[in-house]
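In: show me the folded form of this:
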Amino acid sequence: MPKLLCLDAGGSKFLFGIVKNSEIKGEPKVQHPADLPDLKEIISQEIQNNGFGGLAFATAGIILEHTIVKTSPNIKWLNNLNVKNWVDENWKIPCWVINDMQAAAEGENAKGALKDVQ
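Out: This next block holds a predicted model:
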């Protein structure tokens, strides 16, 4: 099973982590991309160095169809970005886009404090 690059896009920093076989590997890396070209360079380096088979992209705001960041209150340069298409055009790997709070809740439900809650 290929590794998954997980990205949490926050207002002041981006966290990059590795997941393999549903387990987080190592400590997340902190990055501070200034714009989309800067983010592209960071992701390209991560993919080149680690050979990821997919990307999970979480951020605050309104996410449409797990594809488009409609509005990001903290990172305006993500507004109206079709992240799934952008990832496919640049790296040809699958991508899943999710609201950061939804990602946290799903993670806690699958592996964390809420795993026995329905």
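In: quick one, phi/psi of the closest residue to Asn50 other than its chain neighbours?
Out: Nearest non-adjacent residue to Asn50, counting by C-beta to C-beta, 6 or more residues apart in numbering: Lys3, 6.2 Å away. Placement of C-beta: from N, CA and C, glycine included. Reported as degrees, to the nearest 10, the phi and psi values for Lys3 are phi -70, psi 150.
In: secondary structure element for the spatially most central residue of the chain?
Out: Ranked by distance to the mean C-alpha position of the chain (C-alpha atoms, centre = their mean), the top residue is Phe57 at 2.0 Å. Using DSSP states H and E, Phe57 maps to strand 54-59.
In: quick one: average confidence on that strand?
Out: For strand 54-59, mean pLDDT is 96.
In: following element in sequence after that strand, please.
Out: Downstream of strand 54-59 (by DSSP H and E), the next one is strand 62-64.
In: what is that next one packed up against?
Out: If contacts are counted by 3 or more C-beta pairs under 8 Å, 6 or more residues apart in numbering; DSSP states H and E, strand 62-64 sits against strand 68-71, strand 95-99.
In: what mean pLDDT does that strand get?
Out: pLDDT averaged over strand 62-64 gives 97.
In: mind listing what's buried in that strand?
Out: For strand 62-64, a neighbour-count test (16 or more other C-beta atoms under 10 Å) marks Ile63 as buried.
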